[in-house]
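**Student:** I'll drop the sequence and a predicted model, then ask my questions.
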Amino acid sequence: MPPMTSSTEPLVSFVILSYNYEDQIRKTLRSVLDQTFTDFEVVIVDDASGDGSLGSIRSFDDPRIRLTVNPRNLGGSASFNRGVEAARGTWIVNLDADDWIAPEKVTKQLEVAERDPSLSIIGTWVNVVDESGQPHPQAGEIESHLNRAHLLNSVETWIGQNPLCRSSTMVRRSLYHEIGGSDPAMVRAPDYELWTRALSRGSRFHLLPEALTYYRLHPRGVTHGNPVDTTLELAYATIRNLAPLAEARALHDDWASMLDWLTRRTTDGAVSPPETLRLRGMAVLLPVLSEYAAFRAKLATPDPVLERAGRYTLPTSLRPTHEEVEKLMSDIEGYTGARDFWQAQATAWEAQYRLLAGLEPE
Amino acid sequence: MIRKEGDLDPAPAVAGTRALALLPFLVDGAMPLVVLREMRRRGMDVVIAFYLDGARGLAPDPCEDFDRDGRLVDMTSWNGRSGVDRLDSLVDEHVTQLVLQIGSPSGYSQLPVLKERRPDLRIIDWLFNSGPYFQSFTYSARAFDGCLVESADMVRSVAGIPGVGGIRQVESGVDLADFVPKGRAVEEPSPDLVVGYVGRMSPEKNPFGFIEMAERVLAREPWVRFVIYGSGVQADEVNGRVQASPSRDSIVSGGFVDRPGDAFAEIDVLVVPSIMDGRPATVMEANASGVPVLGAPVGGIPELVSDGVNGYLVSPTEPDRIAELLAHWRRDPETFRQLRVSTRALAESRFDRDRMMDGYATAFAQWIDTPPRPLAVVEEPPTPASLIIRDRKS
């Protein structure tokens, strides 16, 4: 593959992270090269793959492709940051090496960007596929959750969940220079932290309501691999980004929902009770946390002030979830229905008895 | 930013603008409804949303004029986030530019969420005094574009709130053609002065303070007569207290009067014994009716009452001073007659409702003309080295 020689800056840079996806990355690259939009470059960062990924990548003979190979495995976040640093486009389109996109995806995202210049992050709905690229057995359930008109510019949308698939996004490159890149210490939810950081700095999101991204869900995926680490990374993003934003915007109910979420996610014993108190204490006192490593250090260090603040929040939890309220309402309906049924039955039986006994009806 | 309306640049027109007003309930004669009706008359498209049934012991206003035009919205069952969704759809439906929070019990939780969804909306809190709504505003001020107040006292109070946006003051007024001297105010001063309470019977207005003051004045000046007019949540208790008073022969419950002017025609002096207040309309209405006021020095009342011109600032806990004033007027009716004249003159110069309405029209229109307050963001610490993105273009 020839080295990149073009000196002009393309409008779009695809940043593709490659790590041992030799079978899938061909489809990924093919989908990029098949885009209806052509003013782009492709920056691939291979994180020291041990399989034939490099061969798969080098089999594409296209001057728009630039390959960076890490000397050793650096992890997803550091690799991503290297890709962003190498990119030259106004927009960066994120794509993992096991996902692929529809041919018109970038064209449609650029149309959205042109209509609303205030946008910094534009995602799309997704198709969830399995390892073989076929619709995932749980696609219906997962897509029904992801493919909704999410209010991505509202804090409440991000509490305890990430409704934005990274492989679907197109992001202004300048945003990364303004707010920083992916936290290299994070493994499970660095994109969630990045999105919430962008939200907290006032960046505007848009979700294109068309399933233009094919997102592969398989056992190698990191997001759900370790529930405790995932919880702590989500908690960090909540405390670092969402809680201060809720405070700044007077979204007091959202802040309470965050405390509820922290409590629900930490009551199964996976996070120790003192750590749980310190987590909740951090959500109240909002210490300045600039990176995940600092958060983990704070979480691991006994701190009577944080723990006391965390204890004070305990009586405020737990408020019922929407689902619990729905169930309660449904139960009440059931109980009142049963009451009315048996009341009617009793009346009918009494009338029958009176008739048989020759008594006057009531 | 603090602006006082009235002496500003030429006002942008309120006609053609669109507002959504959130009220707790609909009370006949309430100042916000009076103002919103006038704005409607001037061409503003006003939608009224109310959150509670009834009128809390006061006379309700069914707002049929708004209802006829599809401009009355029942929000009584729209709580929590479903209420935000409902407001969101109302803003869509009516292409709302300005949302006025006027005491909606859900406003302080719902409006910050609405503002986050619709940063282009101007959301304003209309505050009359430093009561519970002021406290709620204190916690949510960052989400509002600003607030609208009547008194300089409230301007000072809201200016101290961290994160408060723009502040606009419109001094309230009354209909000077509706409130005119009549009854006792145009008769020769009687030696037996009648001192009245005219207003809402609620704790902050302190009707019990009026009764206690009356009892103590009567102990010194038994010729004075007292009468209480009004309705409200404490009406039954107040009437019971009057019946049980050892001075009940000299303190009368006048009940609710449909037209406050009829009550002012029956009294010589109005006492406003409030514990907490903004810029009470009853002071201005009484003055316009030629009735001097003895007003408690709280809230915005000191801005309304000038000693010796339209009454005196005196607390209900100073019955001796009140008794002395009344005794002086009894001894010197000419002084009292001159006080009545200067009282009406002051009302004409300072309490004109038309000027107030112009002020509100200006304030609303200017708010719509002002760019919306940007959504708050988080001030980040310097980006740590591990997150900094450096260009390494090849």
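**Tutor:** In hand now; what should we look at? Numbers count the residues shown, from 1 in each chain, chains lettered A, B, ... in the order given.
**Student:** pLDDT below threshold where in the chain?
**Tutor:** No chain in the question, so chain A it is. The model of chain A has pLDDT under 70 over residues A:1-7, A:219-225, A:316-324.
**Student:** wait, chain B
**Tutor:** B:1-12, B:392-394.
**Student:** Show the contacting residues for residue 202.
**Tutor:** In the absence of a named chain, chain A is used. With contacts defined as C-beta atoms under 8 Å, 6 or more residues apart in numbering or on different chains, residue A:202 is in contact with B:374, B:375, B:377. Quick note: C-beta positions are derived from backbone N, CA and C, even for glycine.
**Student:** please go with chain B instead
**Tutor:** Residue B:202 neighbours (C-beta under 8 Å, 6+ apart): B:232, B:233, B:234.
**Student:** how near is residue B:81 to residue A:156?
**Tutor:** Distance, residue B:81 to residue A:156, by C-beta to C-beta, to the nearest Å: 8 Å.
**Student:** Between the two, point out the one with more neighbours.
**Tutor:** Higher neighbour count among residue B:81 and residue A:156: residue A:156, with 18 against 14, using other C-beta atoms under 10 Å in any protein chain shown.
**Student:** From what I see, that one and residue A:254 are in contact.
**Tutor:** Yes - the criterion here is C-beta atoms under 8 Å, and residue A:156 meets it with residue A:254 at 5.1 Å.
**Student:** and for those two, which residues touch both?
**Tutor:** Joint contacts of residue A:156 and residue A:254 (C-beta under 8 Å, 6+ apart) are residue B:113.
**Student:** Tell me where the stretch 1-150 of chain B has strands.
**Tutor:** Along the stretch 1-150 of chain B, the stretches classed as strands by DSSP state E, counting those that start in this stretch are B:2-4, B:18-23, B:45-50, B:72-74, B:98-101, B:122-127, B:146-149.
**Student:** wait, which of those is closest to residue A:92?
**Tutor:** Across the strands of the stretch 1-150 of chain B, residue A:92 has its closest neighbour in strand B:122-127 (35.0 Å, C-beta to C-beta).
**Student:** Please name the residues that touch the residue of the stretch 151-300 of chain A found nearest chain B.
**Tutor:** Ranked by C-beta to the nearest C-beta, the top residue of the stretch 151-300 of chain A for proximity to chain B is residue A:180, at 3.2 Å. Residues counted as contacts of residue A:180 (C-beta under 8 Å, 6+ apart) are A:197, B:383, B:384, B:387, B:388, B:389.
**Student:** With residue B:316 instead?
**Tutor:** B:206, B:209, B:210, B:212, B:213, B:271, B:273, B:296, B:322.
**Student:** Tell me, how many residues neighbour the third one?
**Tutor:** The number of residues packed around residue B:210, counting by other C-beta under 10 Å, is 25.
**Student:** now the strands: where do they sit in chain A?
**Tutor:** For chain A, strands defined by DSSP state E occupy the ranges A:12-18, A:40-46, A:65-69, A:91-96, A:100-101, A:119-129, A:170-172, A:204-216.
**Student:** The second one packs against which elements?
**Tutor:** Applying 3 or more C-beta pairs under 8 Å, 6 or more residues apart in numbering or on different chains; DSSP states H and E, one finds that strand A:40-46 contacts strand A:12-18, helix A:25-33, helix A:53-58, strand A:65-69, helix A:76-86.
**Student:** Same check on the last one?
**Tutor:** Using 3+ C-beta pairs under 8 Å, 6+ apart as the contact definition, the elements that strand A:204-216 packs against are strand A:100-101, helix A:105-115, strand A:119-129, helix A:190-200.
**Student:** now the fifth one
**Tutor:** Using 3+ C-beta pairs under 8 Å, 6+ apart as the contact definition, the elements that strand A:100-101 packs against are helix A:25-33, strand A:204-216.
**Student:** could you dump these to JSON lines with mean neighbour count?
**Tutor:** Below are those laid out as JSON lines (neighbours: other C-beta atoms under 10 Å in any protein chain shown):
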{"stretch": "helix A:25-33", "mean neighbour count": "20"}
{"stretch": "strand A:204-216", "mean neighbour count": "20"}
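**Student:** got a list of what the closest residue to residue A:284 other than its chain neighbours touches?
**Tutor:** Distances taken as C-beta to C-beta, 6 or more residues apart in numbering or on different chains put residue A:309 closest to residue A:284, at 4.5 Å, once the chain neighbours are dropped. Counting by C-beta under 8 Å, 6+ apart, residue A:309 makes contact with A:280, A:281, A:284, A:285.
**Student:** which residue ranges form the helices in the stretch 101-250 of chain B?
**Tutor:** Using DSSP state H, counting those that start in this stretch, the helices found in the stretch 101-250 of chain B span residues B:107-117, B:132-140, B:152-159, B:207-220, B:235-244.
**Student:** Most tightly packed of these?
**Tutor:** helix B:107-117 (a mean of 24; mean count of other C-beta atoms under 10 Å in any protein chain shown).
**Student:** Any part of that helix near chain A?
**Tutor:** Yes - applying C-beta under 8 Å from any C-beta of the partner chain, one finds helix B:107-117 touching chain A at B:109, B:112, B:113, B:115, B:116, B:117.
**Student:** Take those residues and write them to JSON lines, including distance to residue B:59.
**Tutor:** JSON lines is the format used below for the residues of helix B:107-117 next to chain A (distance: C-beta to C-beta, whole Å):
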{"residue": "B:109", "distance to residue B:59": "29"}
{"residue": "B:112", "distance to residue B:59": "33"}
{"residue": "B:113", "distance to residue B:59": "34"}
{"residue": "B:115", "distance to residue B:59": "34"}
{"residue": "B:116", "distance to residue B:59": "38"}
{"residue": "B:117", "distance to residue B:59": "36"}
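**Student:** Can you tell me which of those residues is closest to residue B:350?
**Tutor:** Distance ranking of these against residue B:350, using C-beta to C-beta, places residue B:115 first at 35.6 Å.
**Student:** burial count for whichever residue of the stretch 201-350 of chain B sits closest to chain A?
**Tutor:** Nearest residue of the stretch 201-350 of chain B to chain A (C-beta to the nearest C-beta) works out as residue B:278 at 23.3 Å. Close neighbours of residue B:278, defined as other C-beta under 10 Å, add up to 26.
**Student:** Sounds good, over and out.
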